[in-house]
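**Student:** just need the structure, nothing else, for what follows:
(2 chains, ligands or ions: 2)
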Amino acid sequence: MKDFRYLPGVSTLRLNEEACVGCGQCLQVCPHRVFARGPDRRAMVVDLDGCMECGACALNCPAQALSVSPGVGCAAYVIQRWLKGKDAVIECC
Amino acid sequence: MPAFDNRGLPPLPMFQPAPADDDAPCCGPRPSPPSSPDERPGYRLCPFVRRFIPTPAGPVPEVATRLGVSDWLGWLCVRLGIGRDRYRVAPGLYAVGSPGSESPVLVTANYKLSFDLLRRELGGLDAWLVVLETRGVNVWCAAGKKTFATAEVVRRVGLVRLAEVVSHRELILPQLGAPGVAGQALKAACGFSAVWGPVRARDLKGFLAAGRQATPEMRQVSFTLAERAVLIPVELSLILKPSLWVLVAVAVVSALEPHFSWPLFVRRALDLALAYGAGMVSGSVAVPLLLPWLPGRSFYLKGLLAGAVAGLGVALVRRSGLGDGLAMTLLALAVGSYAAMNFTGATPFTSPTGVEKEMRRGIPVQVLALLLAVGLWIGQAFWRIK
Ligand code: SF4
Ligand code: SF4
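**Tutor:** Numbering: from 1, shown residues only, chains lettered A, B, ... in the order given. Ligands and ions are numbered 1, 2, ... in the order given. Here you go, the predicted model:
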């Protein structure tokens, strides 16, 4: 995926290093190699701009150390959210 | 009165089973083969089911690991955007090979394309497949919509009575299902623990052979030229839908002439329609294919560029003149930009925050270009008369 980089500096992903227990789940589920293990085996964010906000890591973190506002990166979805509001039932892809 | 007993007697000729070649037709073509014993009134046997395996939880269909003609035809239709919303298999338990109580359990979605892709890669393996109800949507989109979700895994594992079929307590889930399934919550909820399989079904054999270890490559999504190319027909069909209305609008704005004449109208309407087509092709074909090589990161900019080049090309080929040519280029770049922006939904790397950001910039540019194009087009008709 080195050829495909999307807009930089937009991802809402946040890692709370204090809370991380180093289980490595986020490294397994992330499809974009956003994480790596630090020297203390805890997770580190090494490629924030690679994150596509799929939400897999946050959902699978047993320590709630990760947060991201997940969603679908799709124009039709965004338009419907603009028109119908944030909690609308959205038909997409 | 003694019951009639014919034991020991040869069966009467009229009770003898018909000889095999007696299904030769008396008229018309040969009849089709007899019904399978697995058929039930009101159900139809799926062509990919080879037999039923008895298990403590009832008979389980064993499915072929090679796709048949009907599977490929279905694949083609879906890729062309025909009947895409109804291409599904029944949720439940399936088998490949001759699995036993120790065999691995793989979880997937009930979109038939996902199901076919998976079983195709399992030739020579013995495994169970748990197909979730995802309303005919693929694993990743279903996980995003939370139909491929923790609750559905738990529910389905219970419904198919998986605990009676296998002795181990492990589910291999596709990694792309992780946005919908909390692996750590499964154990407590259904007794089965989650193991994240590779992103692509074709890596499953390697993953299983390596003792359920995925290499970093197996964990990463890809978006190769071939993967992008197969998406094009569906992208085109989505953007083609409003085309009838666009063509009506094209005819209307081309008919606004102070001195209307049919040859002039046909020529101008065709020019504008071609520019519109060039915009669609650049946004829905050129941008997907040339994605890594088009400059910029925003899709609307990539589409803008591709559309401008295509529109200019059409204007030059049609010798449309400066004013008309400019209007055509503006229309093509607006359409190309919009179509390219829509392609974000089909890629595996665009974040929703990013898409929203580029739409805030892209849509005003597209609307402005469109208004300019229409204004210029109509204005041209009036300026030309001196
Ligand atoms: S949200 Fe998705 S892409 Fe982003 S870091 Fe988490 S798993 Fe990776
Ligand atoms: S999943 Fe959570 S706890 Fe586990 S390594 Fe990642 S951040 Fe740390």
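**Student:** in chain A, where is pLDDT below threshold?
**Tutor:** Along chain A, the model assigns pLDDT under 70 to residues A:1-2, A:72-73, A:85-93.
**Student:** in chain A, which spans are strands?
**Tutor:** Assigned by DSSP state E, the strands in chain A fall at A:14-15, A:35-37, A:43-45, A:66-67.
**Student:** show the pLDDT at the closest residue to chain A within the stretch 51-200 of chain B.
**Tutor:** In the stretch 51-200 of chain B, the residue that lies nearest chain A is B:Ala178 (3.6 Å; C-beta to the nearest C-beta). C-betas here are computed from N, CA, C, even on glycine. For B:Ala178, the pLDDT comes out at 95.
**Student:** about what we covered before: quick one: which of the strands of chain A is nearest B:Ala229?
**Tutor:** Taking C-beta to C-beta, strand A:35-37 is the member of those nearest to B:Ala229, at 31.0 Å.
**Student:** from the middle of its chain, how far away would that closest one be?
**Tutor:** 14 Å (C-alpha atoms, centre = their mean, to the nearest Å).
**Student:** show me what it is in contact with.
**Tutor:** A:Gly22, A:Gly24, A:Cys26, A:Leu27, A:Ala43, A:Met44, A:Val45, A:Val46, A:Cys57 (C-beta atoms under 8 Å, 6 or more residues apart in numbering or on different chains).
**Student:** kindly report the same for stretch B:141-160.
**Tutor:** So stretch B:141-160 is in contact with A:54-56, A:70-72, A:92-93, B:57, B:91-93, B:107, B:109, B:111, B:130-135, B:137, B:139, B:163, B:171, B:173, B:176-182, B:185-186, B:189-190, B:192, going by C-beta under 8 Å, 6+ apart.
**Student:** are that stretch and ligand 1 in contact anywhere?
**Tutor:** No: using C-beta under 6 Å from any ligand atom, stretch B:141-160 stays clear of ligand 1, coming no nearer than 10.6 Å.
**Student:** pull out the CA atoms of that stretch and give them to me as PDB.
**Tutor:** Extracted in PDB, the C-alpha atoms of stretch B:141-160 (Å, rounded to 0.1, in the frame of the first residue of the first chain):
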ATOM      1  CA  CYS B 141     -18.700  -3.600   4.300                       C
ATOM      2  CA  ALA B 142     -20.800  -5.800   6.600                       C
ATOM      3  CA  ALA B 143     -18.300  -5.300   9.400                       C
ATOM      4  CA  GLY B 144     -18.500  -1.500   8.800                       C
ATOM      5  CA  LYS B 145     -22.300  -1.700   8.900                       C
ATOM      6  CA  LYS B 146     -22.200  -4.000  12.000                       C
ATOM      7  CA  THR B 147     -24.100  -6.900  10.400                       C
ATOM      8  CA  PHE B 148     -20.900  -8.900  10.500                       C
ATOM      9  CA  ALA B 149     -20.800  -8.400  14.200                       C
ATOM     10  CA  THR B 150     -20.100 -10.000  17.500                       C
ATOM     11  CA  ALA B 151     -23.800 -10.600  18.200                       C
ATOM     12  CA  GLU B 152     -24.300 -12.300  14.900                       C
ATOM     13  CA  VAL B 153     -21.300 -14.600  15.400                       C
ATOM     14  CA  VAL B 154     -22.600 -15.600  18.800                       C
ATOM     15  CA  ARG B 155     -26.200 -16.100  17.500                       C
ATOM     16  CA  ARG B 156     -25.100 -18.200  14.400                       C
ATOM     17  CA  VAL B 157     -22.700 -20.300  16.400                       C
ATOM     18  CA  GLY B 158     -25.600 -21.200  18.700                       C
ATOM     19  CA  LEU B 159     -28.100 -21.700  15.900                       C
ATOM     20  CA  VAL B 160     -25.900 -24.200  14.000                       C
END
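**Student:** and it, average pLDDT?
**Tutor:** 94.
**Student:** top of the contacts of strand A:35-37 by neighbour count?
**Tutor:** A:Cys57 (30 neighbours; other C-beta atoms under 10 Å in any protein chain shown).
**Student:** I'd like the distance between the nearest residue to that residue once chain neighbours are set aside and ligand 1.
**Tutor:** Distances taken as C-beta to C-beta, 6 or more residues apart in numbering or on different chains put A:Cys26 closest to A:Cys57, at 4.0 Å, once the chain neighbours are dropped. According to C-beta to the nearest ligand atom, to the nearest Å, A:Cys26 stands 7 Å off from ligand 1.
**Student:** mind listing what A:Cys26 touches?
**Tutor:** A:Val34, A:Phe35, A:Ala43, A:Cys57, A:Asn60, A:Cys61, A:Leu66.
**Student:** one more time with 7 Å, if that's ok
**Tutor:** Neighbouring residues of A:Cys26 by C-beta atoms under 7 Å, 6 or more residues apart in numbering or on different chains: A:Phe35, A:Ala43, A:Cys57, A:Asn60, A:Cys61, A:Leu66.
**Student:** ok, the first one - how many residues close by?
**Tutor:** Using other C-beta under 10 Å, A:Phe35 has 25 neighbouring residues.
**Student:** just list whatever residues bridge to it.
**Tutor:** A:Val45 (DSSP bridges).
**Student:** distance check, it against chain B.
**Tutor:** Here the criterion is C-beta to the nearest C-beta, to the nearest Å. By it, A:Phe35 lies 11 Å from chain B.
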